[in-house]
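# I would like to see how this sequence folds:
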Amino acid sequence: MHIWIDRWTHLLKLLEQQGAWMHPLEIKPVATEQELSMVEMRLGVPIPSEFRDVLLHCSRQVGVYWSLPDEALLPIELDTPLGNFGWSLEELESPDFGGDSENEDEQLYLQFHTAGNGDALLMKVEDGSVWYWSHEEDEFDLLAWSFRDYIERVTTLGCIGVDCGQHRQFCSEKGLDLSLTNSQIWLKWLEQYLTSTWKEAMYHLDSLLIYVSMHGLKDEKVQQAFTRFDSKNVYTALRNQIEHSMRLVDKEAWCKVLVKVCATEASDWVRTFWKDQNSIPNRIRDYLTAFCLPEEEGLPLVLQDIEKEQIDSYTALHRLRHFHSSKTIAWMKPYVSFPIGGWDQLLVESQPSAETLFEWLNGSEAERLIAIRAVCQMMQQEIKPSDQVDKKKWLPLLAFWKDNEVLRKNKQLFNQALEGLNHW
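Residues are numbered from 1 along each chain as shown. Alright, predicted model coming up:
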């Protein structure tokens with residue numbers, strides 16, 4: 001049984017080395033016969049023999065928790081797995097299947113682990129088989145015919161999570177099934193993820209792309225590795241990834257790579273988005289336009305497209321935020337109105353100067369409230385205006401509106417700005 005502990009320890013060590021989030025492995029001492037007898041008395045049913053053996057010779061409580069970084073792109077066949085595996089003698093209980101009256105079926109199972117969504121892992125008292133119960137669907141999924149088999153299969157799958165979105169993609173009528181196509185795809189991907197290194201990947205462009213699909217570009221050494229290859233070949237490879245990825249989230253991830261390593265090479269391709277019929281989603285087009293074309297060329301293209309429809313704050317925010325341009329502020333000013341949600345964030349994203357913020361604070365009611373919300377956001381995020389704040393001008397203006405705003409929440413914003421001004 002201790003080989004399982006070695007495998008869990010090894011798994012978490014490799015995940016940590018690759019940048020995944022992981023919780024320290026929880027392994028508590030084994031249980032005693034007396035403790036098991038007391039739990040059985042409390043529950044009124046015997047603990048199935050295999051689980052009893054695990055509690056006596058492996059651990060009374062196990063917890064394995066991990067999650068992949070946001071940058072990891074999974075094969076399209078898979079929902080993103082995460083680790084959530086274990087059991088606890090102290091928390092062993094009869095399940096609650098709901099309803100006003102006592103459910104006789106509850107006495108047929110023991111609940112040994114609970115998912116974050118309230119679903120449960122159960123063990124049938126009669127034969128020790130392991131089941132998943134969905135509280136919303138009131139459905140049972142077989143996971144394994146024995147507890148040992150359950151541990152072995154889940155461990156092989158990387159201690160994947162409890163909820164149905166995790167395990168059902170790896171289940172057949174036999175329970176967790178390592179022979180399924182999805183299981184094989186996941187096991188191959190996980191092995192590659194756990195063992196890949198950028199030093200090995202940096203010598204071949206295809207290998208580097210696979211590494212980046214798993215780890216992103218957080219490490220500057222990985223970004224530098226692209227300079228080893230011809231920039232046109234890099235651009236072509238990344239363009240193919242963007243065009244052929246089925247999921248929008250994958251397209252967006254590859255766009256982030258492209259703009260960092262070959263934005264110039266992609267400029268002519270991006271120009272075609274505004275001339276020809278293509279399958280590139282608008283949000284991808286806007287993002288690449290912001291980073292691959294000169295501002296004086298790209299920003300007018302997006303602005304003209306926005307103006308074809310009725311303009312609202314959140315559309316403007318999502319389509320213009322990547323430009324980080326003060327020209328956006330001049331464009332948006334005639335359109336701002338209540339409700340102001342979205343306009344304040346766009347103002348922050350557009351790198352306002354202190355003079356511009358002061359002008360808006362002296363403007364219409366909508367402009368003033370957008371500006372003060374933007375100021376407070378910038379202070380909280382430690383974002384400085386593009387020029388120096390003239391505190392002699394700002395202090396009396398902020399104090400005036402602190403005293404004269406009618407709504408308490410607005411008074412609090414001006415007070416917050418006053419308190420943060422000396423450190424801004």
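# Can you tell me the element A31 falls in?
A31 belongs to no helix or strand when assigned by DSSP states H and E.
# cool, the one 4 residues further on as well?
Using DSSP H and E, the secondary-structure element containing E35 is helix 33-43.
# K402 too?
helix 391-404.
# by contact count, what packs against that helix?
Applying 3 or more CB pairs under 8 Å, 6 or more residues apart in numbering; DSSP states H and E, one finds that helix 391-404 contacts helix 354-361, helix 408-420. In this view, the C-beta of every residue, glycine as well, is placed from N, C-alpha and C.
# ranking those by burial, who's on top?
Comparing the helices and strands packed on helix 391-404 by mean neighbour count (mean count of other CB atoms under 10 Å), helix 354-361 ranks first with a mean of 20.
# in this protein, which helix or strand is least confident?
helix 164-167 (a mean of 87; mean pLDDT, DSSP states H and E).
# Now do the helix or strand following that one: distance to the chain's middle.
Sequence-wise, the next helix or strand downstream of helix 164-167 (DSSP H and E) is strand 171-172. Its chain's average C-alpha position is 26 Å from that of strand 171-172, according to CA atoms, centre = their mean, to the nearest Å.
# partners of strand 171-172 in the sheet?
According to DSSP bridges, strand 171-172 forms sheet pairs with strand 175-176 (antiparallel).
# of the helices and strands packed on helix 391-404, which approaches S172 most closely?
helix 408-420 (55.1 Å; CB to CB).
# tell me the angle of that closest one relative to helix 391-404?
150 degrees (axes from the mean of the first three to the mean of the last three CA atoms, to 10 degrees).
# Not counting its own residues, what contacts helix 408-420?
Residues from elsewhere that reach helix 408-420 (CB atoms under 8 Å, 6 or more residues apart in numbering): 369, 372-373, 375-376, 379, 395, 398-399, 401-403, 405.
# how close does the residue most central in space within the chain get to V389?
Nearest residue to the geometric centre of the chain (CA atoms, centre = their mean): D70, 4.9 Å. Distance, D70 to V389, by CB to CB, to the nearest Å: 35 Å.
# ok, back up a step: show the contacting residues for the residue nearest to the centre of the chain.
G216.
# swap in L369?
So L369 contacts I340, D344, N410, L413 (CB under 8 Å, 6+ apart).
# And for the closest residue to T156 other than its chain neighbours, the neighbour number?
Leaving aside its chain neighbours, T156 sits nearest to L178 (6.1 Å; criterion: CB to CB, 6 or more residues apart in numbering). When neighbours are counted by other CB atoms under 10 Å, L178 registers 14.
# Helix, strand, or coil at L178?
coil (DSSP: H, G, I helix; E, B strand; the rest coil).
# Give the other helices and strands that the least confident helix or strand of the chain contacts.
Partner elements for helix 164-167 (3+ CB pairs under 8 Å, 6+ apart): strand 130-134, strand 139-144.
# which is the next helix or strand following the last one?
In other words, strand 139-144. Counting by DSSP H and E, what follows strand 139-144 is helix 147-156.
# could the helices and strands packed on helix 391-404 go into JSON lines alongside distance to Q107 and mean pLDDT?
Output for the helices and strands packed on helix 391-404, formatted as JSON lines (distance: least, CB to CB, whole Å; pLDDT from 0 to 100):
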{"stretch": "helix 354-361", "distance to Q107": "66", "mean pLDDT": "97"}
{"stretch": "helix 408-420", "distance to Q107": "53", "mean pLDDT": "96"}
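# For these, give me CSV that also has distance to V259.
Formatted as CSV, these follow (distance: least, CB to CB, whole Å):
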stretch, distance to V259
helix 354-361, 27
helix 408-420, 33
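# number of nearby residues for the residue lying closest to K124 once chain neighbours are set aside?
Setting aside the residues directly before and after it, K124 is nearest to Y109 in space (CB to CB, 6+ apart), at 5.7 Å. Applying other CB under 10 Å, we find 24 residues neighbouring Y109.
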